[in-house]
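Trainee: predicted model, plus sequence, below.
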Amino acid sequence: MAEQAISLLSNDDIYLFNEGSALRLYEKLGAHRMTQGGKVGVHFGVWAPDAESVSVVGDFNRWDKDTNLLQPRASSGIWEGFVPDLGLGAVYKYHIVSRHGSYQVDKADPYAFYAEQPPRTASVVWDLDYDWRDAGWMASRQRLQSLAKPVSIYEMHIGSWQRKPEEGNRPLTYRELAQPLAEYLRFLGFTHVEFLPVMEHPFFGSWGYQTTGYFAPTSRYGTPQDFMYLIDYLHQQGIGVILDWVPSHFPTDEHGLGYFDGTHLYEHSYPQKGFHPDWGSWIFNYGRNEVRSFLLSSAFFWLDRYHADGIRVDAVASMLYLDYSRKQGEWMPNQYGGRENLEAIDFLRRLNIDVHREFPDILTMAEESTAWPMVSRPTYVGGLGFDLKWDMGWMHDTLGYFSRDSVHRRYHHNEITFRALYAFNENFVLPLSHDEVVHGKGSLIGKMPGDDWQKFANLRLLFAYMYAQPGKKLLFMGGEFGQSDEWHHDESLAWHLTQYERHAGLQRILSDLNRLYRETPGLYEQDCDWAGFQWLEANDSEGSTLAFLRRGQEEDSVVLAAFNLTPVPRYNYRAGVPLAGRWREVLNSDAEGYGGSGVGNYGGVETAPIPYQGQRWSVMLTLPPLGAVFLRPEK
């Protein structure tokens, strides 16, 4: 029998947990090393309100369900107990006997800090002791992460970024990854890296989006301290870390959260609300107070104990709509007869209120694919409270346009200009994400039309267009050097391609675009404000050209961006500008150093006193084939 524990939970903790307001349950529930009665051991706590009995089983007691029984904590639904002489590394599960029928099951600890390497499924007693050395970054990140600062994100999957073929094609560990990743990100100039979910997951092919360990980084690449080291090292190199987080659904694996105590504890009991037909997974019951406490605590955990600089919330649309991916009759309306999930809306608002109160210097991002209003507006004006929203419409329209042969683009000009109608309705991230290079969609370079030269020119043009557009930037790994195959989670990126000049040229233009973005206030200061963008030419469908101005806070921070979306050079292309003098060409996507043909403006142009496009002066440009040029006034 487990000893009667000195509880880690106060009565106030119990109250907040049952109320749905507990934010740091990872300090109270799960497995915690402590001393009791002069003995060193582990305190266990788990929520299972419909259990008849709960015991801790593991190697230490030969998986005997009768040896270490836990005790219920009044009517809270929490079971607690102390197991003496138990140390770090002990493998365990909870054996739960339900009050309902003859249901018995061994469950992993929902609050475990560490887990066995899949396909094994038990939890592991562990601590979170670590000597952080990123104080400088943590003190400065509020200044670095505001909406008026440059944010360019390298999205990546840890397990397939780089592998060791000489060692059975294994992925790099967290510690092995730290230095080469930091060096590569500094070379490319990204401000942040975003990891596809690192939370423990049984099926590697889910890329982490089928989470079982909401408080445990996957053990596939090392210990919790190893993952802390990776984040710490990136911070010391001036690189922010954003974590994908999945509060929308969880897998049906027996050891996971589903049917936890013989009831639908974490998920809705009605399949119309509790089961996702596309993903074959359970949907969280956001109306249950203790489930909200669990999810809020998970978000806090990664921001608190792992120093994450932001969380990107996955599949927000599936949370907001009760009829998401369901046919008529397959969903249950809310109390007012509508399709909005009122409980999920309340949860998301509460999430953003709480995390921004406790961590005002972090970013929250929503992957939300519909026209739901005010996703990135404050909760006090009716918004969901996110800092940023992924612009999925931009990704869809832009890739659709760029995949067309240039001869047909004149008939689809609106696809490339439509975004300007809504570009400032939200605070947007422009994503060229993993979603577009999987499931038979091919690679970014594979989507580009034309011969080999045109494919690379189109991709350089696409990158330049993304960096010129208002909004923060995100690119999935491999796209930066034109990986030819679509992404496969069980293979390394095709790094050998970077030895070829056109692939290396893509890396160089990404590096230069990131540098220019970071150093040019006109390209970032007003990313989320109409004042930062002005069309010069939006209607040249016949010529398939575009031109616009980007502006920062100061008058001379203006940038002229012009684009030729055909392989025919455009000479004597007049564009209006607001300032007289010489305008320097600060980027040309057709430069020979990027693999282009070298057509351009010989370093810059002089203005003429000819008003044009609503501006007092104008310049005469040469637009290179399938090329973009950026110009700034010389000081």
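Mentor: That came through fine. These figures come from a predicted structure and were not determined experimentally.

Trainee: every contact and neighbour count from this point should use C-alpha atoms.
Mentor: Fine.

Trainee: just so I have it, where are all the helices in the stretch 451-600 of the chain?
Mentor: Taking DSSP state H, counting those that start in this stretch to define them, one finds helices in the stretch 451-600 of the chain at 452-468, 501-519.

Trainee: contacts for the shortest one, please.
Mentor: In this structure, residues lying in contact with helix 452-468 by C-alpha atoms under 8 Å, 6 or more residues apart in numbering are 402, 430, 444-446, 448-449, 473, 482, 502, 506, 509-510, 513, 517, 523, 550, 561, 563, 565, 567, 589-590, 596, 626-628.

Trainee: hey, which of the helices of the stretch 451-600 of the chain is tucked in deepest?
Mentor: helix 452-468 (a mean of 23; mean count of other C-alpha atoms under 10 Å).

Trainee: in strands, which of the contacts of helix 452-468 fall?
Mentor: Members of those lying in strands (criterion: DSSP state E): 430, 473, 550, 561, 563, 627-628.

Trainee: just the buried ones from the contacts of helix 452-468, in ChimeraX syntax?
Mentor: The buried subset of these, as determined by 16 or more other C-alpha atoms under 10 Å, is captured in ChimeraX by this line:
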select :402,430,444,445,446,448,449,473,482,502,506,509,510,513,517,523,550,561,563,565,567,589,590,596,626,627,628
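
Trainee: how about the contacts made by residue 472?
Mentor: Contacts for residue 472 (C-alpha under 8 Å, 6+ apart) come out as 150-152, 428-430, 524, 527.

Trainee: who does it bridge with?
Mentor: Using DSSP bridges, the bridge partners assigned to residue 472 are residue 429.

Trainee: and it, how far is that from residue 196?
Mentor: To residue 196, residue 472 is 18 Å away according to C-alpha to C-alpha, to the nearest Å.

Trainee: please apply the same query to residue 256.
Mentor: Relative to residue 196, residue 256 is positioned 20 Å away (C-alpha to C-alpha).

Trainee: following the helix or strand of the chain with the lowest mean pLDDT in sequence, what is the next regular element?
Mentor: The helix or strand of the chain with the lowest confidence, counting by mean pLDDT, DSSP states H and E, is helix 271-274 at a mean of 88. Later in the chain than helix 271-274, the nearest helix or strand by DSSP states H and E is strand 275-276.

Trainee: so what touches that next one?
Mentor: Contacts to strand 275-276, defined as C-alpha under 8 Å, 6+ apart, come from residues 249, 268, 281-283.

Trainee: change it to 7 Å
Mentor: Outside strand 275-276, the residues that touch it by C-alpha atoms under 7 Å, 6 or more residues apart in numbering are 281-283.

Trainee: state the mean pLDDT of it.
Mentor: What strand 275-276 shows for mean pLDDT is 90.

Trainee: partners of that strand in the sheet?
Mentor: strand 281-283 (antiparallel).

Trainee: so which bits of the strand it pairs with are buried?
Mentor: 281-283.

Trainee: kindly report the same for stretch 571-589.
Mentor: Neighbour-count burial for stretch 571-589, counted by 16+ other C-alpha under 10 Å, picks out 574-589.

Trainee: now do that stretch, average pLDDT.
Mentor: 98.

Trainee: same thing with stretch 543-554?
Mentor: 96.

Trainee: quick one: contacts of that stretch?
Mentor: For stretch 543-554, contacts defined as C-alpha under 7 Å, 6+ apart pick out 409-410, 521-523, 525-526, 532-538, 540, 557-566.

Trainee: change it to 6 Å
Mentor: Contacts with stretch 543-554, where a contact means C-alpha atoms under 6 Å, 6 or more residues apart in numbering, come from 410, 521-522, 525-526, 532-538, 557-565.

Trainee: stretch 596-616 now?
Mentor: Identification of contacts with stretch 596-616 by C-alpha under 6 Å, 6+ apart yields 536, 576-578, 580-585, 590-592, 617-619, 622, 624.

Trainee: cool, stretch 151-161 as well?
Mentor: 171, 190-196, 472-477, 489, 491-493.

Trainee: surely residue 442 touches residue 486?
Mentor: Yes. Using C-alpha atoms under 6 Å, residue 442 is in contact with residue 486, at 4.5 Å.

Trainee: when these two are compared, which one has more neighbours?
Mentor: Shown here are residue 442 and residue 486; by other C-alpha atoms under 10 Å, residue 486 has more neighbours (21 against 16).

Trainee: who touches the more buried one in this structure?
Mentor: Counting by C-alpha under 6 Å, 6+ apart, residue 486 has contacts 437-438, 442-443.

Trainee: end to end, how far does stretch 606-621 reach?
Mentor: End-to-end distance (C-alpha to C-alpha), stretch 606-621: 10 Å.

Trainee: with stretch 80-90 instead?
Mentor: One end of stretch 80-90 to the other measures 17 Å (C-alpha to C-alpha).

Trainee: mind listing what's buried in that stretch?
Mentor: Across stretch 80-90, burial judged by 16+ other C-alpha under 10 Å covers 80-84, 86-87.

Trainee: cool, and stretch 352-367?
Mentor: For stretch 352-367, the neighbour count (16+ other C-alpha under 10 Å) marks 352-356, 359, 361-367 as buried.

Trainee: end to end, how far does that stretch reach?
Mentor: 14 Å.

Trainee: other residues contacting it?
Mentor: For stretch 352-367, the external contacting residues (C-alpha under 6 Å, 6+ apart) are 142, 309-316, 385-390.

Trainee: list the ones among those residues that fall in strands.
Mentor: Reading strands off the contacts of stretch 352-367 with DSSP E, I get 310-313, 388-390.

Trainee: which of the contacts of residue 486 sits closest to residue 102?
Mentor: Of all those, residue 102 sits closest to residue 438, with 43.0 Å by C-alpha to C-alpha.

Trainee: got the phi/psi numbers for the closest one?
Mentor: Per-residue torsions, residue 438: phi -140, psi 170 (degrees, to the nearest 10).

Trainee: OK, contacts around it?
Mentor: Taking C-alpha under 6 Å, 6+ apart as the test, what residue 438 contacts is 486-487.

Trainee: got the contact list for residue 287?
Mentor: Listed by C-alpha under 6 Å, 6+ apart, the contact partners of residue 287 are residue 343.

Trainee: need the strands for the stretch 51-200 of the chain, in chain order.
Mentor: Counting by DSSP state E, counting those that start in this stretch, the stretch 51-200 of the chain has strands at residues 51-58, 71-72, 78-84, 91-98, 104-107, 123-124, 152-156, 163-164, 170-171, 192-195, 199-200.

Trainee: which strands and helices sit next to the second one?
Mentor: Put plainly, it is strand 71-72. Using 3 or more C-alpha pairs under 6 Å, 6 or more residues apart in numbering; DSSP states H and E, the elements in contact with strand 71-72 are strand 78-84.

Trainee: where's the strand it packs on relative to the chain centroid, distance-wise?
Mentor: Relative to its parent chain, strand 78-84 has a centroid offset of 36 Å by C-alpha atoms, centre = their mean, to the nearest Å.

Trainee: what's the angle from it to strand 51-58?
Mentor: 30 degrees (axes from the mean of the first three to the mean of the last three C-alpha atoms, to 10 degrees).

Trainee: thought residue 49 was touching residue 75?
Mentor: No. Contact criterion C-alpha under 6 Å: residue 49 and residue 75 do not qualify, at 8.1 Å.

Trainee: of these two, who's got more company?
Mentor: The residue with more neighbours, out of residue 49 and residue 75, is residue 49; 21 against 9, by other C-alpha under 10 Å.
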